[in-house]
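[1] What follows is a predicted protein model with its sequence.
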Amino acid sequence: MKSLVAAEAFAVNTNDSYLQGLIHSRIGNLYSDEYLQEDALLRFERARACFHQAGAARNEAISLNNKAYIYYLTGDFAAAKESWQEAKKLYLTLGDRNAAYAIDGNLISIRLEEGNPVDSIKNSFRKICFDYYGEPHPPVAAGTWLAIYQKAGELDSARLCGQTILANRHEFTDHQIAGCYALLTRIESDCGRFEQALRYSRLYQHMADSLNQVTQQTALQEVEQKYNNRLLKASLESFRLKHQVQMAGMIFILIILALIVVLVGYAWTRRYKKVREERALLKQELDNLHQVYDDLSNRFLHVRQMLDCSNERESKVSKAIEERLSGLHQLVEKLPAIKPANFVREFKRYMAVDTNSQYALYDLQYIVNQKYFGIIDYLKARYPDLNKHDLDLCALMCFGFSHAGICYLYDYSTLGSFYNKRSRLRRKLHLSQEEKIEDFISRQIAELRKNEE
């Protein structure tokens with residue numbers, strides 16, 4: 001872009017209208033590629049005026065065609081039709097019937113967008129095909145007929161046009177073939193032929209991937225060309241300034257040293273920032289652990305007060321609670337004095353404690369069932385899909401354990417996995433998204449208490 005602007009500044013001082021038109025046209029294409037439509041329109045109009053002054057009719061028609069395309073993309077169909085009509089006249093004057101036919105196809109597309117009667121559009125395009133090719137449905141017109149038939153809802157005819165395009169694909173561009181696959185996918189889907197629609201969809205995806213790959217290769221070649229141009233420019237500069245090599249070398253060394261200093265400073269800054277973030281995260285984790293520890297302590301004390309230590313099963317649960325609480329307390333005490341990495345290992349070791357050991361929590365369901373009016377037996381009978389883990393969650397919720405506390409107890413590595421288990425439990429209990437599991441369990445306990453009374 002900078003080179004073209006510099007060339008434009010040079011061309012303005014000349015009387016070469018054709019050169020000015022080429023520069024304006026090229027800049028307009030660059031603006032169009034960047035979706036700067038207003039700037040592109042201005043450049044294409046200047047290019048048209050320059051080519052008109054230079055008597056270059058074909059270039060003028062191309063500029064008008066580019067203007068019309070921009071108008072079409074921005075929804076200004078009236079201006080697009082006017083520009084395309086002017087371009088068509090120039091192409092017919094030059095004897096380029098193929099270009100004129102392409103413009104007629106674009107005008108048909110505008111009529112489809114404007115919602116003109118489909119029968120009228122058919123008659124107009126049929127006459128255009130007769131004028132250019134002597135037949136109403138030449139293969140080259142299959143793309144436009146495909147759009148017309150699809151607009152009219154004549155899906156069988158539209159499918160036939162798509163198959164004609166594929167049979168004569170050498171007459172169409174890859175982008176047109178890809179568009180054909182996309183339309184055929186929609187047609188087959190509307191007809192209920194989903195297997196065929198899936199096949200066309202895969203072909204479209206393959207074609208789109210190929211086009212993207214070509215685009216990437218082209219962009220890579222442009223980058224390589226720019227790089228080669230830079231190398232050539234560097235060589236010319238080196239040849240012109242060879243008597244200043246020593247000075248340039250010193251400057252280069254100073255620049256390298258400056259870059260090294262900047263990189264070292266940047267690395268140190270990043271390291272300092274990382275350490276500060278780790279400390280902040282560690283403090284946050286410590287606060288979270290303290291909060292979880294306090295919550296679990298309160299819950300555990302509440303549960304232990306409810307347990308009958310003379311009962312063997314309740315005594316086992318009491319010892320399991322004491323073991324888990326002791327481990328979490330030790331972890332909380334260690335956290336400020338150890339490194340984050342060591343803390344992670346200690347935390348994983350704590351979470352890996354076998355919950356099915358001697359003092360396991362698997363008797364928790366028994367305790368909850370005894371203390372809360374047979375709620376576990378009720379849930380088993382009413383909802384047979386519930387497994388042991390589901391019933392464990394229900395038991396802990398009966399005791400009022402928090403989400404984070406349940407995660408630490410059962411080694412759910414993230415809250416996300418815990419919420420997934422809650423979602424599955426919600427589905428098994430046939431609850432709506434708005435209803436909380438805790439509220440549901442509370443209602444069931446209240447009903448069981450009422451029935452027992």
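    The structure has been received and is ready for your questions.

[2] tell me the pLDDT at Tyr71?
    Here the pLDDT value assigned to Tyr71 is 85.

[3] do you know how far the residue lying closest to it once chain neighbours are set aside is from Leu92?
    Closest residue to Tyr71 apart from its sequence neighbours, by CB to CB, 6 or more residues apart in numbering: Ala80 at 3.8 Å. Glycine gets a C-beta too; all of them are placed from N, C-alpha and C. For Ala80, the distance to Leu92 equals 19 Å [CB to CB, to the nearest Å].

[4] Just list what the strand or helix carrying Glu38 packs against, helices and strands only.
    Per DSSP states H and E, Glu38 falls inside helix 37-54. Secondary-structure packing of helix 37-54 (3 or more CB pairs under 8 Å, 6 or more residues apart in numbering; DSSP states H and E): helix 17-33, helix 57-73.

[5] out of those helices, nearest to Asn123?
    helix 57-73 (22.7 Å; CB to CB).

[6] send the alpha carbons of the closest one over as CSV?
    The C-alpha trace of helix 57-73 is given here as CSV (Å, rounded to 0.1, in the frame of the first residue of the first chain):
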residue,chain,number,x,y,z
ALA,A,57,-12.6,1.2,-22.6
ARG,A,58,-11.9,-2.3,-21.2
ASN,A,59,-10.2,-1.0,-18.1
GLU,A,60,-13.1,1.4,-17.6
ALA,A,61,-15.6,-1.4,-17.9
ILE,A,62,-13.6,-3.4,-15.3
SER,A,63,-13.7,-0.4,-12.9
LEU,A,64,-17.4,-0.1,-13.4
ASN,A,65,-17.8,-3.8,-12.7
ASN,A,66,-15.8,-3.4,-9.5
LYS,A,67,-17.9,-0.5,-8.4
ALA,A,68,-21.1,-2.5,-9.0
TYR,A,69,-19.8,-5.4,-7.0
ILE,A,70,-19.1,-3.1,-4.0
TYR,A,71,-22.6,-1.6,-4.3
TYR,A,72,-24.1,-5.1,-4.5
LEU,A,73,-22.3,-6.1,-1.3
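
[7] And for it, what's in contact with it?
    Residues from elsewhere that reach helix 57-73, judged by CB atoms under 8 Å, 6 or more residues apart in numbering: 18, 21-22, 25, 28-29, 32, 37, 40-41, 44-45, 47-48, 51-52, 77, 79-84, 86-87, 90-91, 93-94, 96, 99, 103, 106, 109-110.

[8] Tell me the gap between that helix and the middle of its chain.
    Mean-position distance between helix 57-73 and its chain equals 34 Å (CA atoms, centre = their mean, to the nearest Å).

[9] One more: stretch 29-40?
    That offset, for stretch 29-40, works out to 25 Å (CA atoms, centre = their mean).

[10] Among the contacts of helix 57-73, name the buried ones.
    Buried subset of the contacts of helix 57-73 (neighbour count, 16 or more other CB atoms under 10 Å): 21-22, 25, 28-29, 32, 40-41, 44-45, 47-48, 51-52, 77, 79-81, 83-84, 86-87, 90-91, 96, 99, 103, 106, 109-110.

[11] So what's the residue count around the residue nearest to Ile121 when sequence neighbours are not counted?
    Excluding its sequence neighbours, the residue lying closest to Ile121 (CB to CB, 6+ apart) is Arg111, at 5.2 Å. Arg111 sits with 19 neighbouring residues when counted by other CB atoms under 10 Å.

[12] wait, doesn't Arg111 sit right on Asp119?
    No - Arg111 lies out of contact with Asp119 (CB atoms under 8 Å); the separation is 11.8 Å.

[13] Can you tell me the element the residue nearest to Pro136 when sequence neighbours are not counted falls in?
    Distances taken as CB to CB, 6+ apart put Arg126 closest to Pro136, at 4.6 Å, once the chain neighbours are dropped. Element membership for Arg126, per DSSP H and E: helix 118-133.
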